[in-house]
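**Student:** Provided below are the primary sequence and the corresponding predicted coordinates.
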Amino acid sequence: MKEATLKEIAEKLGISITTVSKALKDYPDVSLKTKDAVISLAKKLNYSPNSFAVNLRTKESKTIGLIIPEIVHHFFSNVINGIVAEAEKNGYLVIILQSNESLELEKKQVALLINKRVDGIIISLSNESNDDSHLKEIIARKIPFVQFDKIAKLIHSSKVVINDQIAARNAVQHLIDNGYRKIAHIRGPLNPQNAIDRFIGYKKALEMNNIPFDASLVYTCEKVTFQEGIDFAKQIMADHSDVEGIFAITDLVAVGVLSYFNDIGIKIPEQVAVIGFSNWFMSQVLTPKLSTVDQPSHEMGVTSFKLLLEEMNCHKKEIHFTPRTIELETKVIARESTFKKK
């Protein structure tokens, strides 16, 4: 059905377009009788204001863009829930886009959101992101902008993060405190800052406990998948049959490790202890239950939107906003996969 226009309403009622517009906005200089007639006909014709025209007038779209690597993922699903809930409270709609860990797609999505005239953008970078030109474009256009989780450190924007180095160091320290010393690390891809920082945290924990670093105990994921957990568990046992513990970049990878060990009869943690990262809900229902690092995903979403809203409000009022970084707390959740070694 063709959308009704102000002109149509004006012609049917025999009044000016200006009067129709004022009536719909409840201007005091329009009579109650005229307002009622305009509103009644507008409803009958299913009239809705042209959103682009409204945007031009108010300089607001009341929409924000969210770009994430993967939607069907425990961590990102919780982040989305936090952002959407907080956005709704404040009258904003969220356009959610999935980059599929692709830099090329991420760039196209940023361009799309810019063209859609969103009021702000929240992004967690893809694993391929080694070029920040599209992020600089957001800043150049003075669009409020927040990065979370996987970030570009050198980009001057607000950020919501955890301290991945400390979180990873604590995870490995937990293994060491429970008597495990020969510890392998299944790390993330080489680009993402969080994968780099977790690797550094792993090395620091070894160094703090006078355990020599052995590069042959480090295995690098390409996609950070369940299958890579299975494949690397198999490879680790082939390369280092005396390995005592494994620190995996995410719970999904750790679950792959557990699956392989359960299938071939390796006892966890009696023979090999395993710890993951993120506190995925599945980590509590596995056998054995997976020890992990709790990453506050919902809080990260809520905090990201609040920070973006603060910048959007400053932008609207033409007040200077200084980007800042908010660091959220993590903690090790000890479960059955890392019991103290006897």
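**Tutor:** Looks like it arrived, so ask away.
**Student:** what about this protein, any weak spots by pLDDT?
**Tutor:** 1-3, 50-59, 342 (pLDDT under 70).
**Student:** Domain map for the chain?
**Tutor:** Listed by automatic domain parsing, the domain ranges of the chain are 6-49, 58-160+297-328, 164-295+332-338.
**Student:** Serialize the ones you listed to a markdown table and add fields for mean neighbour count.
**Tutor:** All C-beta atoms are positioned from the backbone trio N, CA, C, and that covers glycine. Shown next, in a markdown table, are these (neighbours: other CB atoms under 10 Å):
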| stretch | mean neighbour count |
| --- | --- |
| domain 6-49 | 14 |
| domain 58-160+297-328 | 18 |
| domain 164-295+332-338 | 20 |
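**Student:** all strands for the chain, in order.
**Tutor:** All strands of the chain, identified by DSSP state E, fall at 63-68, 93-98, 120-123, 145-148, 158-162, 183-187, 218-220, 245-248, 273-275, 292-294, 325-328, 331-333.
**Student:** Just put those in JSON lines and tack on distance to Asp131.
**Tutor:** Below are those laid out as JSON lines (distance: least, CB to CB, whole Å):
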{"stretch": "strand 63-68", "distance to Asp131": "15"}
{"stretch": "strand 93-98", "distance to Asp131": "18"}
{"stretch": "strand 120-123", "distance to Asp131": "14"}
{"stretch": "strand 145-148", "distance to Asp131": "15"}
{"stretch": "strand 158-162", "distance to Asp131": "18"}
{"stretch": "strand 183-187", "distance to Asp131": "22"}
{"stretch": "strand 218-220", "distance to Asp131": "21"}
{"stretch": "strand 245-248", "distance to Asp131": "28"}
{"stretch": "strand 273-275", "distance to Asp131": "33"}
{"stretch": "strand 292-294", "distance to Asp131": "29"}
{"stretch": "strand 325-328", "distance to Asp131": "22"}
{"stretch": "strand 331-333", "distance to Asp131": "34"}
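**Student:** The stretch 101-250 of the chain: helices as residue ranges?
**Tutor:** For the stretch 101-250 of the chain, applying DSSP state H, counting those that start in this stretch gives helices covering 103-115, 133-140, 164-177, 193-208, 226-239.
**Student:** Identify whichever of the ones you listed lies nearest to Ile249.
**Tutor:** helix 193-208 (6.1 Å; CB to CB).
**Student:** Between strand 183-187 and the closest one, find me the angle.
**Tutor:** Inter-element angle recorded for helix 193-208 and strand 183-187: 170 degrees (by axes from the mean of the first three to the mean of the last three CA atoms, to 10 degrees).
**Student:** What angle do helix 164-177 and helix 193-208 make with each other?
**Tutor:** Using the same axes, to 10 degrees: helix 193-208 against helix 164-177 is 40 degrees.
**Student:** Pull the distance from helix 193-208 to the chain's centre.
**Tutor:** Its chain's average C-alpha position is 22 Å from that of helix 193-208, according to CA atoms, centre = their mean, to the nearest Å.
**Student:** Check stretch 27-45 too.
**Tutor:** Distance, centroid of stretch 27-45 to centroid of chain: 45 Å (CA atoms, centre = their mean).
**Student:** what's the answer for stretch 232-251, then?
**Tutor:** The answer for stretch 232-251 is 28 Å, by CA atoms, centre = their mean.
**Student:** ok, Val293 to Ser102 distance?
**Tutor:** 27 Å (CB to CB, to the nearest Å).
**Student:** Over to Ile96?
**Tutor:** 16 Å.
**Student:** same deal with His74?
**Tutor:** With CB to CB as the criterion, His74 and Ser102 are 21 Å apart.
**Student:** Ok, Glu86 next?
**Tutor:** Distance from Glu86 to Ser102, by CB to CB: 27 Å.
**Student:** Next: Ile80.
**Tutor:** Ile80 is 19 Å from Ser102, by CB to CB.
**Student:** Next: Gln295.
**Tutor:** Counting by CB to CB - Gln295 and Ser102 are separated by 23 Å.
**Student:** same thing with His134?
**Tutor:** 12 Å.
**Student:** Ok, Cys314 next?
**Tutor:** Counting by CB to CB, the gap from Cys314 to Ser102 is 32 Å.
**Student:** Also Lys204?
**Tutor:** Taken as CB to CB, the span from Lys204 to Ser102 is 32 Å.
**Student:** list the contacts for Pro189?
**Tutor:** Going by CB atoms under 8 Å, 6 or more residues apart in numbering, Pro189 touches 127, 195, 220-222, 224.
**Student:** In a markdown table, list these along with distance to Phe145.
**Tutor:** Supplementary listing: those in a markdown table, determined by distance: CB to CB, whole Å:
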| residue | distance to Phe145 |
| --- | --- |
| Asn127 | 20 |
| Ala195 | 23 |
| Thr220 | 30 |
| Cys221 | 28 |
| Glu222 | 28 |
| Val224 | 25 |
